[in-house]
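Participant: Sequence below, structure please.
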Amino acid sequence: MNSPAASLPATLVAPNARHAFGGIWRLTARRFLAPRQLLPLPFVLAILATLAVAVVRDGHDKVFHSWTTEFYLAFLIPVLAFLSGGGAFRDELKAGAIDYILTRPIRRPMFIVFKFLAHQACFQLLCLSGLAVVAGVGVFRHIPDLGSTIHERLLGQILLSAAFSALGFLCAVATSRYLVAGLFYGVVIEAGFGNTPIQINRLSMTHQVRDLVYRLTATTPPMPSDPQHAAWVTIAIVLAFAAVLVAVAAAVFSFQELAGARPTDA
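Facilitator: Residues are numbered from 1 along each chain as shown. Sure, this is the predicted structure:
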């Protein structure tokens, strides 16, 4: 005979956003900041410092500002952000990890948003070390007025890392060949449209942020064809770009059929 308790339906566990974000943050930070993951960081920073010292000469502030904006900010940060974002989410789709996700009381869109925010927080910590190396080279090369321009590059670093991490998330959700999708986007939008002298170049997020940094620091005038947007407009455009990509990734992920690990034989 069944007991009354056995006949009752199972109690549904309502998702708790604060607890869910705390759990995702702890898992992301533990994986992202593990010694094994941080091992290549000193070598990457050493290469960055070597390149900067080789390119920039004493007191050549125009070369320094151009190199830090064009190479470090508009190329290196987007590439690393995309690879980090896409790789981090593909790790979550592995058989063992996806089993954990599917059995947690958290909706898939909420998981995507929280994972993106946690990943961004960890990635920004690593980016700060890169910006510190760039600033250190500026001090070493006696670049004038370094302190008055470095915080604009910090702003650009935050904006571009958010935009391209979101792009990495979307490509990783959409396809296992996210590198191919990212390369296609980079060639067509960033390298193609972004370098044209007409208004279509505003589709490029690197062009938007590069123009913003140049105007805020007054190191190089913007192209004559560029509209003189207020700084907050450019910031809003880039953040909206990131938010839209995360929202699309969350929508796609919500309808995906995911296969977990195969049950082990007894």
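Participant: Please report how far the closest residue to A74 other than its chain neighbours lies from G22.
Facilitator: Spatial nearest neighbour of A74, chain neighbours left out: T206 (4.3 Å); criterion: CB to CB, 6 or more residues apart in numbering. Any C-beta I mention is one placed from the backbone N, CA and C, and that applies to glycine too. When distance is defined by CB to CB, to the nearest Å, T206 is 34 Å away from G22.
Participant: For G182, which three-state class applies?
Facilitator: Secondary structure, DSSP: H, G, I helix; E, B strand; the rest coil: G182 is helix.
Participant: Next, the contact list for it, please.
Facilitator: Residues near G182 by CB atoms under 8 Å, 6 or more residues apart in numbering: F82, G86, L167, G168, C171.
Participant: Looking at these, which are in helices?
Facilitator: Those of those mapping onto helices are F82, G86, L167, G168, C171, per DSSP state H.
Participant: pretty sure the fourth one is touching L80, no?
Facilitator: No: because the distance of 9.9 Å does not satisfy CB atoms under 8 Å, G168 is recorded as not touching L80.
Participant: Give me the more crowded residue out of these two.
Facilitator: Shown here are G168 and L80; by other CB atoms under 10 Å, G168 has more neighbours (30 against 20).
Participant: quick one: low-confidence ranges for this structure?
Facilitator: 1-15, 95-105, 219-229, 257-266 (pLDDT under 70).
Participant: Determine how far the last residue of stretch 31-48 lies from the first.
Facilitator: As for stretch 31-48, its first-to-last residue distance stands at 24 Å under the measure CA to CA, to the nearest Å.
Participant: Determine how far that stretch lies from the middle of the whole chain.
Facilitator: 17 Å (CA atoms, centre = their mean, to the nearest Å).
Participant: got it, and stretch 18-33?
Facilitator: Worked out by CA atoms, centre = their mean, stretch 18-33 lies 17 Å from the chain centre.
Participant: Could I get the buried residue list for it?
Facilitator: A20, F21, I24, W25, T28, R31, F32 (16 or more other CB atoms under 10 Å).
Participant: what comes into contact with that stretch?
Facilitator: Residues contacting stretch 18-33 (CB under 8 Å, 6+ apart): 37, 88, 91, 104-106, 110-111, 114-115, 117-119, 121-123, 125.
Participant: which ones among these are found in helices?
Facilitator: Those of the contacts of stretch 18-33 lying in helices (DSSP H): 37, 88, 91, 110-111, 114-115, 117-119, 121-123, 125.
Participant: Regarding D145, what is its secondary structure?
Facilitator: coil.
Participant: circling back to that earlier point, please identify which of the buried residues of stretch 18-33 is nearest to L76.
Facilitator: F32 (18.6 Å; CB to CB).
Participant: Let me see the contact set for G59.
Facilitator: Contact partners of G59, counting by CB under 8 Å, 6+ apart, are R141, H142, I143, P144.
Participant: What's the ChimeraX line that selects buried ones from those residues?
Facilitator: Only the buried entries of the contacts of G59 go into this ChimeraX selection, using 16+ other CB under 10 Å:
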select :141,143
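Participant: give the contact list for the closest residue to L45 other than its chain neighbours.
Facilitator: Leaving aside its chain neighbours, L45 sits nearest to V133 (5.2 Å; criterion: CB to CB, 6+ apart). V133 sits next to L45, L48, A49, A52 when contact means CB under 8 Å, 6+ apart.
Participant: roughly how far apart are the nearest residue to L48 once chain neighbours are set aside and L41?
Facilitator: Residue nearest to L48 in three dimensions, not counting chain neighbours: V133, with 5.4 Å by CB to CB, 6+ apart. With distances taken as CB to CB, V133 is found 11 Å from L41.
Participant: Please name every helix or strand in contact with the helix or strand harbouring S165.
Facilitator: Here S165 is covered by helix 147-174, with elements defined by DSSP states H and E. Applying 3 or more CB pairs under 8 Å, 6 or more residues apart in numbering; DSSP states H and E, one finds that helix 147-174 contacts helix 77-92, helix 108-140, helix 178-185, helix 205-217, helix 231-254.
Participant: residues of that helix that come out buried?
Facilitator: Here helix 147-174 shows 149-150, 152-153, 155-173 as buried, counting by 16+ other CB under 10 Å.
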